[in-house]
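A.B. asks: Need coordinates for the following:
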Amino acid sequence: MGKFGKWIAGGLGWAFFGPLGGLLGFALGSLFDNVSVQAVAGDRRTTTGAFAMSLLVLVAAVMRADGRVLRSELDYVKKFFRQNFGLETANEAIMMLRDLLKQQIPVQDVCTQIKHNLDYSSRLQLLHFLFGIANADGQVHASELRIIEMIAGYIGISVKDIDSIKHMFIKRADSAYKILEIDRNVPDEEVKKAYRRMANKYHPDKVSHLGEDFQKAANEKFQKVNEAYEKIKKERKIA
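C.D. replies: As a prediction, this is how the structure comes out:
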């Protein structure tokens, strides 16, 4: 069993119930026939298994956004999971994703469940992963952007945080400022304050409870903040 199966078997908690649980039944049975999945009603902890399943269901929703699912999209998702978590984990994730793609996903209901049970830092990481997968072909398409922004709103991400993470993938002239959540005309001291604030918000330690693999993958957000700050410092000649 790869890491994905171990995450799920290790405990789904709240994700085993509600609309998420309704989507998972068949896929869990087909993948893990001989595994006892731990699930406790009312368990509000952000477990690795709950986070992994939340991510996979939202990925399915994004992939269904334009009314068709291409083999190339599945390949991109598999590549994303393989690069971050290894081949066996990617294979398990794709098997479950194929089943989820056959189902109608009540996006708002799923997002409401996630909002009420996942902490904010974990929801930010979900959003970052969704943009990363959508951008796997080098472009975030309009249909993908619409549903990702809709999901972000449903799971309670602030408008500034949505814009910040979006500009890590959709580059514009002012993307560095958007990532730091500031205007281009702010004074240098405000740039420094913004960097410290965003570095703290996106620090990988904020999602350490998700386990080493997800914490490692979360480092990309932190790096993007550093890159944005370095670009602004160079432009402004800030010491």
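
A.B. asks: ok now stretch 153-172, how far from the chain's centre?
C.D. replies: Using Cα atoms, centre = their mean, to the nearest Å, the mean C-alpha position of stretch 153-172 is found 12 Å from that of the whole chain.

A.B. asks: Tell me the buried residues in the helix or strand hosting residue 230?
C.D. replies: Here residue 230, judged by DSSP states H and E, is contained in helix 219-236. By neighbour count with 16 or more other Cβ atoms under 10 Å, helix 219-236 contains the buried residues 220-222, 224-225, 228-229, 232-233. All C-beta spots, glycine's among them, are computed from the backbone N, C-alpha and C.

A.B. asks: Residue 7: which of these is nearest?
C.D. replies: residue 220 (19.6 Å; Cβ to Cβ).

A.B. asks: check contacts around the closest one.
C.D. replies: Counting by Cβ atoms under 8 Å, 6 or more residues apart in numbering, residue 220 touches 128, 132.

A.B. asks: What's the separation between it and residue 55?
C.D. replies: To residue 55, residue 220 is 15 Å away according to Cβ to Cβ, to the nearest Å.

A.B. asks: what about residue 22, distance to residue 208?
C.D. replies: According to Cβ to Cβ, residue 22 and residue 208 sit 30 Å apart.

A.B. asks: sorry, back to before: pLDDT of the helix holding residue 230, averaged?
C.D. replies: On average, the pLDDT along helix 219-236 is 95.

A.B. asks: just how off-centre is it within its chain?
C.D. replies: Counting by Cα atoms, centre = their mean, helix 219-236 comes out at 21 Å from the chain centroid.

A.B. asks: and the residue nearest the centre of the chain, what pLDDT?
C.D. replies: Closest to where the C-alpha atoms of the chain average out (Cα atoms, centre = their mean) is residue 126, at 2.0 Å. Reading off the confidence values, residue 126 has pLDDT 95.

A.B. asks: host element of it?
C.D. replies: Per DSSP H and E: helix 120-134 holds residue 126.

A.B. asks: Contacts made by that helix with the rest, please.
C.D. replies: Contacts for helix 120-134 (Cβ under 8 Å, 6+ apart): 46, 51, 54-55, 58-59, 62, 76-77, 80, 114-115, 118, 140-141, 144-145, 148, 151-152, 155-157, 161-162, 165-166, 168-169, 201-202, 206-207, 209-210, 214, 217-218, 220-221.

A.B. asks: I'd like to know which of those are part of helices.
C.D. replies: With helices identified by DSSP state H, the entries of the contacts of helix 120-134 that belong to them are 51, 54-55, 58-59, 62, 76-77, 80, 114-115, 144-145, 148, 151-152, 161-162, 165-166, 201, 214, 217, 220-221.

A.B. asks: Residue 49 touches residue 3, doesn't it?
C.D. replies: No: the pair residue 49 / residue 3 is not scored as a contact, 10.7 Å apart, by Cβ atoms under 8 Å.

A.B. asks: Which one's more surrounded, these two?
C.D. replies: residue 49 (23 against 20; other Cβ atoms under 10 Å).

A.B. asks: And that one, how far from residue 135?
C.D. replies: Taken as Cβ to Cβ, the span from residue 49 to residue 135 is 26 Å.
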